[in-house]
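Student: 3D, please:
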Amino acid sequence: MNTLFRLLVLLTFCFLSHLYTVGQKHQSNGTIVENEACVMPPKKSYEQYLKDQRTSFEQEVATAARAGHKVNYLENLDRFVLSRDDFEQRESFSDFECRKIKYISDGLKVVGFIWKPKNTFGKKLPVVIVNRGGNPNLALLTPQSFYFPYVKNGFVVIGSQYRGADGSEGQDEFGGADINDVLNLVPLARSLDYVDMNNVFMHGASRGGMQAFLALKKGMNVNAVAVHGALTDLNSAAKEWPEVAQRVWSRLMPGYAEKTEEVLRERSAVSFADKINVPVLILHGGADWRSSPGSQALGLATQLQSLGKTYELHIYADDEHGISINRLDRERRIIEWFKRYMK
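Tutor: Predicted coordinates:
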């Protein structure tokens, strides 16, 4: 009897586990399955901020040197950092809410963030889907990267870490199946009663620019897009930055070794500019050694121009990949671009 009882318990457990697994796999894309308040780090002083920025730029100078580029960031550090007033305004800004979430994307649990104004009762707010740069665990979104200007101007902001990063299930393909993690933010946004789905915008930085354009290629419907430092021609970028292509892209992109040019072309907006049918704001640093303005920003602008697409291009002389010197102007232009196409 004891043996039979144990067998029944085991079979019941296996059956229930199967039902749970099937239920997980069949949850709709964009369904939020975990949702918690962000753990905010202690606020830092302006002096600590300056110290951290110096350390960051020292690392960037060293990285550029290893890649054969000489940059003068440290000599011009005062041009890259926020003023005390701007920094303190951002640090003291408390009228927003940050939520760290996990949502379903192709049956995977993927980590993301939602940033929004605290008071959303009875409101329908425009939303910006932000696409981060970097690769699996580089340049991750954090509670502090809540795109302060967007939230201050009444936007909800939603961003994904992409599969394979920060505890997300699956594997990052750097512009492959991970694009679905961006697309599935749309049904997620639709499930939020404070989001106005008539006003959906998208922003991408660096690799995130590639993500944004690939999402458009796959049919994502947004009012307008803004990118800065965006990868738009990966074949050219691979020649200009071979170390990253070999060390990162070859590892992440399926089929890279067998058909390199084709895999890179599939991810390059310059090769499918005809499928970009929304207004595009292209911003780039003129001294960006990570993503050449000539082959990337100008290359895409040339394609959009020849096709009669709606776009604007701004290149900031002497600025770097993140457009830090002209940060405030970058933020202003993006917000004005989105507001221009608000319904």
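Student: what residues does Pro293 make contact with?
Tutor: With contact taken as C-beta atoms under 8 Å, 6 or more residues apart in numbering, Pro293 is in contact with 284-286, 315. For the C-beta atoms, the positions are set from N, CA and C on the backbone; glycine is no exception.
Student: next, give phi and psi for it.
Tutor: phi -60, psi -30 (degrees, to the nearest 10).
Student: now it, nearest residue through space, not along the chain?
Tutor: Nearest residue to Pro293 in three dimensions, chain neighbours excluded: His284, at 4.3 Å (C-beta to C-beta, 6 or more residues apart in numbering).
Student: same check on Ala238?
Tutor: Using C-beta to C-beta, 6+ apart, the nearest residue to Ala238 is Ala245, at 3.9 Å.
Student: how far out from the middle of the chain is stretch 181-194?
Tutor: Chain-centre distance of stretch 181-194: 15 Å, with C-alpha atoms, centre = their mean, to the nearest Å.
Student: where along this protein do the helices fall?
Tutor: Using DSSP state H, the helices found in the chain span residues 2-25, 46-66, 77-80, 84-92, 148-152, 179-183, 185-190, 207-217, 234-240, 242-244, 250-252, 260-266, 297-306, 327-340.
Student: so which of those helices is the most surrounded?
Tutor: Most buried of the helices of the chain by mean neighbour count (mean count of other C-beta atoms under 10 Å) is helix 207-217; its value is a mean of 26.
Student: elements contacting it?
Tutor: Using 3 or more C-beta pairs under 8 Å, 6 or more residues apart in numbering; DSSP states H and E, the elements in contact with helix 207-217 are strand 125-131, helix 179-183, strand 195-205, strand 224-228.
Student: can you list the weak-confidence ranges in the protein?
Tutor: For the chain, applying pLDDT under 70 flags the ranges 1-26.
Student: list the contacts of stretch 246-257.
Tutor: By C-beta under 8 Å, 6+ apart, stretch 246-257 touches 135-136, 171-176, 234, 238, 260, 262-264, 267.
Student: and it, how far out from the chain's middle?
Tutor: On C-alpha atoms, centre = their mean, the centre of stretch 246-257 falls 20 Å from the chain's centre.
Student: hang on, the residue nearest to Ala238 packs against Asn235?
Tutor: No. Counting by C-beta atoms under 8 Å, Ala245 stays clear of Asn235, with 9.5 Å between them.
Student: before we move on, back to that, please tabulate the contacts of Pro293 in a markdown table, including the columns distance to Arg340 and neighbour count.
Tutor: Below are the contacts of Pro293 laid out as a markdown table (distance: C-beta to C-beta, whole Å; neighbours: other C-beta atoms under 10 Å):
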| residue | distance to Arg340 | neighbour count |
| --- | --- | --- |
| His284 | 20 | 28 |
| Gly285 | 23 | 25 |
| Gly286 | 24 | 14 |
| Ile315 | 20 | 18 |
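Student: how about the nearest residue to Arg267 once chain neighbours are set aside, phi and psi?
Tutor: Excluding the flanking residues, the one nearest Arg267 by C-beta to C-beta, 6+ apart is Gly175, at 4.0 Å. The phi/psi pair for Gly175 (degrees, to the nearest 10) reads phi 100, psi 10.
Student: who is Ile282 paired with across the strands?
Tutor: Per DSSP bridges, the residues bridged to Ile282 are Val227, Leu313.
Student: distance check, it against Thr302.
Tutor: Here the criterion is C-beta to C-beta, to the nearest Å. By it, Ile282 lies 11 Å from Thr302.
Student: also Gly68?
Tutor: Taking C-beta to C-beta, one finds Gly68 at 27 Å from Thr302.
Student: ok, now Met342?
Tutor: Using C-beta to C-beta, we find Met342 at a distance of 28 Å from Thr302.
Student: ok, Trp115 next?
Tutor: For Trp115, the distance to Thr302 equals 35 Å [C-beta to C-beta].
Student: which members of the contacts of Pro293 occur in strands, if any?
Tutor: Within these, residues falling in strands by DSSP state E are 284-285, 315.
Student: dump the residues you listed into TSV; add distance to Ala64 as well.
Tutor: As requested, the ones in strands among the contacts of Pro293 are exported to TSV (distance: C-beta to C-beta, whole Å):
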residue	distance to Ala64
His284	17
Gly285	13
Ile315	19
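Student: surely Trp115 touches Val151?
Tutor: Yes. Counting by C-beta under 8 Å, Val151 is a contact partner of Trp115 at 5.4 Å.
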